[in-house]
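In: What follows is a predicted protein model with its sequence.
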Amino acid sequence: MIGRLTGKLVQKTPPQLLVDVGGVGYELEAPMSTFYKLPAVGEALTLHTHLTVREDAHLLFAFASTQEKALFRELIKLSGVGPKLALAVLSGVSVEEFWTLVRLGDTLRLTKLPGIGKKTAERMVLELREKAGAAESTGLPGGPQASAPATPLAEARSALEALGYKPAEADKLLNAIKLEGMGTDQLIREALKRAVR
């Protein structure tokens, strides 16, 4: 996985940009929020990246901040939301504002983003609302961070999602457990026991 690139900006034609890293030119796609923060062509820059592998292509997406990258990854987990639509969301609203809209359940404002219909907006609110609330209560700017989760509960949730559970399903399984004093491994085991009942 290519997680970050540092090099020289060669070309920027939204949504594509070209970055020279040690003589290798990387073609990337980025949201407008990232383009606004790019330096002039020929200058050095560092971008956070996400690699998507498809049968017909390897696509590299670039972001100015870890918050943008984290939100992009949350969005593409949702059914019906692909990388292009996730970039459109990031181009149309700031990370902080997106999480605020989700927290408030403001589907009307979400449908004003390019490519977002009523059903997609409702799915975003339903599946991401708890994460939006968690971001607010912990004081983290812009929602989930790219760094490793700090608590056993957050680590267990991430592990369940990595196993293929949707965020809402992972939360439901974990909410059914009495959490006092449990470590990450115990939480995952108990959640999986409940999943097969």
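Out: Structure's in. What do you need?
In: Confidence-wise, which helix or strand of this protein is lowest on average?
Out: helix 152-162 (a mean of 74; mean pLDDT, DSSP states H and E).
In: Please name every helix or strand in contact with it.
Out: helix 167-175, helix 184-195 (3 or more CB pairs under 8 Å, 6 or more residues apart in numbering; DSSP states H and E). Quick note: C-beta positions are derived from backbone N, CA and C, even for glycine.
In: Of the ones you listed, give the one that comes closest to Thr49.
Out: Thr49 lies closest, by CB to CB, to one member of the helices and strands packed on helix 152-162: helix 167-175, at 22.9 Å.
In: what sits up against the closest one?
Out: 77, 126-128, 130-131, 153, 156-157, 160-161, 165, 187, 191-192, 194-195 (CB atoms under 8 Å, 6 or more residues apart in numbering).
In: Let me know the average pLDDT across it.
Out: Averaged over helix 167-175, pLDDT sits at 81.
In: I'd assumed Thr49 was in a helix, is it?
Out: No. According to DSSP: H, G, I helix; E, B strand; the rest coil, Thr49 belongs to no helix; its state is strand.
In: what's the longest helix in this structure?
Out: Longest helix in the chain by number of residues (criterion: DSSP state H): helix 118-137.
In: By neighbour count, which bits of it are buried? Give me those.
Out: For helix 118-137, a neighbour-count test (16 or more other CB atoms under 10 Å) marks 120-121, 123-125, 127-132, 134-135 as buried.
In: what residue ranges in the protein score low on pLDDT?
Out: 133-150, 162, 179-180, 195-197 (pLDDT under 70).
In: which two from the buried residues of helix 118-137 end up farthest apart in space?
Out: Counting by CB to CB, the most remote pair of the buried residues of helix 118-137 is Thr120 and Ala134, 21.8 Å apart.
In: thought Leu5 was touching Leu51?
Out: No. Using CB atoms under 8 Å as the test, Leu5 is too far from Leu51 to be in contact (10.7 Å).
In: For the two, work out which one has more neighbours and name it.
Out: Taking other CB atoms under 10 Å, Leu5 and Leu51 do not tie; Leu5 has more neighbours (18 against 11).
In: quick one on the thing from earlier: now the helices and strands packed on helix 152-162 as a markdown table including distance to Arg103 and mean neighbour count?
Out: Formatted as a markdown table, the helices and strands packed on helix 152-162 follow (distance: least, CB to CB, whole Å; neighbours: other CB atoms under 10 Å):
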| stretch | distance to Arg103 | mean neighbour count |
| --- | --- | --- |
| helix 167-175 | 15 | 18 |
| helix 184-195 | 25 | 16 |
